[in-house]
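> sequence first, predicted coordinates after that:
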Amino acid sequence: MNKPLQAPVCAYQLLIRAGNLLQPLVLLLLRLWIAHVFFSSGLTKIADWDVTLALFTDEYHVPLLPPAVAAVMATCGELGLSSLLAFGLGGRFAAAGLFILNAVAVISYPDLTEATRQFHYFWGAQILVLLAFGPGLVSLDRLVQWWLQKRGGHSQS
């Protein structure tokens, strides 16, 4: 009597296995996509520092920080944290920093269009995935973990 249920269960199990096999690639692509978004923004800021300072002075209203400090912190965060994220080194730390940076961008720039705001929400959701799952198997974090386990002579899961 259970014969009709076996095919859907088997198909579901295959789907789960395929998802598990694809997870490292998906996390890598997600890291690279988010890193590209933020790194490109950082490059734009350093391309014309006078314009960046003017924007942080006149348009972006970062709470609690002087505009020049906010500009430096945002630029360093975008360039540094996105680089760490791309390599998967300190992956969750980098994702947390970019999440905060993204949230501050939404809060500090009231003139965002609805479409631009949706992009920031989308990036925030993607970053939350990286916070929840970590950088994945294809990352320097995993390589460092493997090296430390090998060096220590014991394994952890």
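Here it is on my side, so go on. Residues are numbered from 1 along each chain as shown.

> quick check, residue 103 in contact with residue 124.
Yes. Assessed by CB atoms under 8 Å, residue 103 is found in contact with residue 124 at 6.9 Å. All C-beta spots, glycine's among them, are computed from the backbone N, C-alpha and C.

> residues in contact with the nearest residue in space to residue 88 that is not next to it in sequence?
In this structure, residue 88 finds its nearest non-sequential neighbour in residue 139, 2.4 Å apart by CB to CB, 6 or more residues apart in numbering. Neighbour list for residue 139: 27-28, 31, 87-89, 91 [criterion: CB atoms under 8 Å, 6 or more residues apart in numbering].

> backbone dihedrals for residue 139, please?
phi -160, psi 160 (degrees, to the nearest 10).

> what are the contacting residues of stretch 78-92?
28, 31-32, 34-39, 41-43, 45-46, 93-95, 97-98, 101, 130-131, 134-136, 138-142, 144.

> what comes up buried for that stretch?
Of the residues in stretch 78-92, 78-79, 81-82, 84-92 count as buried by neighbour count, 16 or more other CB atoms under 10 Å.

> which stretches of this structure form helices?
3-47, 49-58, 67-87, 91-108, 114-133, 140-152 (DSSP state H).
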